[in-house]
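**Student:** Next one to model:
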Amino acid sequence: MIGTVTRVMPDSAQPRARMPLAVYILGLSVFALGTSEFMLSGLLPPIAEDMDVSIPQAGLLISAFAIGMVVGAPLLAVATLRLPRKTTLIALITVFALGQVAGALAPTYEILFVSRVISALACAGFWAVGASVAVAMAPANSRAKALAVMIGGLSIANVLGVPAGAFLGDHLGWRSAFWAVAIASTIALVGVVTLIPRIPLPAERPRLKRELSIYGDRQVWLSIVLTSLAGGGVFCAFSYFAPLLTDVSGIAESWVPGVLGLFGLGALIGTWLGGRIADAHLFGVLLSGIAASTVFLVALALFASSPVITVSLAFLLGVSAFYTAPALNARMFNVAAAAPTLAGATTTAAFNLGNTGGPWLGGTVIDAGLGFPATAWAGAAMTVTALALVALSLRLQGRSRTIATSLPAPAPSPAPDTASAEAVR
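**Tutor:** Model prediction:
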């Protein structure tokens with residue numbers, strides 16, 4: 001395991017090769033996926049009115065997508081394990097686009113709900129397979145940077161895609177947002193078909209039992225819990241940022257989209273910074289980024305009544321949360337190197353566990369009557385726990401390295417006998 005880790009964290013002075021264009025095509029695809037995943041937060045009222053359901057019922061469409069991501073990522077990774085990577089990506093982005101069309105045409109809430117689940121499954125599978133393809137295409141010393149390109153697509157979705165979806169919903173109806181994502185998905189499909197190379201399957205066919213063996217590694221489970229807590233801690237507070245801004249900070253409702261956009265802008269900057277640094281200083285990025293998120297969450301809990309401080313913290317939380325994202329992804333690929341597709345799927349599921357569990361904890365705190373600022377305290381508790389897990393993971397890795405270096409070196413193998421080698425062949 002240690003040999004794997006040191007191989008993917010080369011000296012920062014080593015020259016970096018140019019990132020393949022195909023990796024950016026995957027980032028474009030993730031932009032479409034991310035826009036569909038998050039745009040419903042701005043479309044719930046018109047959907048509820050059109051479908052004749054309550055706002056909470058309409059909100060279940062968001063939960064359905066998140067749960068579909070958690071369940072779908074590992075299931076589809078296993079189901080497509082022995083299929084060609086490019087063919088799998090084409091099939092998944094096609095199903096996703098058709099899911100958007102089905103949502104745009106849905107005559108009933110039930111059909112819309114099913115379309116969201118199908119879209120989430122396809123989205124989860126694309127994330128999992130796409131991440132492994134990005135890592136396979138990227139130079140050896142740029143894995144985190146390649147994953148940052150994909151995560152950057154998600155950040156841009158928050159900055160541009162989600163507000164654009166809300167704008168379309170306000171002016172052309174909520175179904176127009178689904179049509180727009182379907183068009184973006186079709187453009188991404190063309191890019192995948194024309195620019196993603198065929199990734200050859202390994203000479204030895206992947207075996208499910210061997211792939212699943214990664215779940216016997218405690219470092220893998222540490223990475224899963226760490227990823228869930230690091231992301232979930234921020235979204236525990238950010239999911240309720242809009243009412244905190246209006247009810248606690250006293251900011252006019254018309255300013256809320258702009259403040260939320262600042263979070264997305266911070267996310268884009270954080271992704272870029274993390275992707276540049278994480279390949280050479282993975283644990284440094286994890287420790288500094290999660291520590292920064294903890295400080296910002298505590299500051300939010302203490303100073304939520306100040307509009308200036310709260311708006312600034314929206315931007316800073318976006319930076320810190322997404323600064324760690326490339327490192328969290330790369331860490332999973334390091335500790336689960338024997339199963340790169342399941343590594344991507346597991347990271348996707350872990351992030352979405354955080355995106356589901358964090359808001360749930362925040363809602364529990366609010367229902368307990370502790371107020372909106374208390375969600376930041378709850379989020380800080382999650383990120384502090386994540387910091388402890390980073391320290392534990394680093395300690396276990398150091399201990400394993402010490403054991404590995406203390407073992408006697410293997411005796412040199414004798415020169416191979418040519419005649420014997422030919423007989424084996």
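
**Student:** Now S36: closest residue in space, sequence neighbours ignored.
**Tutor:** Leaving out its chain neighbours, the residue that sits closest to S36 by Cβ to Cβ, 6 or more residues apart in numbering is V181, at 4.6 Å. For the C-beta atoms, the positions are set from N, CA and C on the backbone; glycine is no exception.

**Student:** if I look at the residue nearest to L396 when sequence neighbours are not counted, how far off is S142?
**Tutor:** Closest residue to L396 apart from its sequence neighbours, by Cβ to Cβ, 6+ apart: Q219 at 6.5 Å. Noted for Q219: a distance of 22 Å to S142, by Cβ to Cβ, to the nearest Å.

**Student:** before we move on, what about T294?
**Tutor:** Distance from T294 to S142, by Cβ to Cβ: 29 Å.

**Student:** between the two, who's got more neighbours?
**Tutor:** The residue with more neighbours, out of T294 and S142, is S142; 26 against 23, by other Cβ atoms under 10 Å.

**Student:** wait, that one sits on P20?
**Tutor:** No. If you go by Cβ atoms under 8 Å, S142 and P20 don't touch, sitting 10.0 Å apart.

**Student:** Find the helix or strand that the residue nearest to L396 is a member of.
**Tutor:** Using DSSP states H and E, Q219 falls within helix 218-238.

**Student:** swap in D50?
**Tutor:** helix 44-51.

**Student:** With R18 instead?
**Tutor:** With DSSP H and E as the criterion, the answer for R18 is that it lies in no helix or strand.

**Student:** same thing with M332?
**Tutor:** Using DSSP H and E, the element containing M332 is helix 325-335.

**Student:** if we can go back for a sec, for the helix holding Q219, which residues meet the burial criterion?
**Tutor:** Neighbour-count burial for helix 218-238, counted by 16 or more other Cβ atoms under 10 Å, picks out 219-220, 222-238.

**Student:** Now the element after that helix, going C-ward?
**Tutor:** For helix 218-238, the following helix or strand on the C-terminal side (DSSP H and E) is helix 241-247.

**Student:** so after that following helix, what's the next helix or strand?
**Tutor:** Counting by DSSP H and E, what follows helix 241-247 is helix 256-277.

**Student:** what packs against that next one?
**Tutor:** Packing partners of helix 256-277 (3 or more Cβ pairs under 8 Å, 6 or more residues apart in numbering; DSSP states H and E): helix 143-156, helix 162-172, helix 241-247, helix 282-303, helix 307-323, helix 325-335.

**Student:** can we see that at 10 Å?
**Tutor:** When contacts are defined as 3 or more Cβ pairs under 10 Å, 6 or more residues apart in numbering; DSSP states H and E, helix 256-277 sits against helix 143-156, helix 162-172, helix 218-238, helix 241-247, helix 282-303, helix 307-323, helix 325-335.

**Student:** What residues sit buried inside the longest one?
**Tutor:** Judged by neighbour count (16+ other Cβ under 10 Å), helix 282-303 contains these buried residues: 282-283, 285-294, 296-301, 303.
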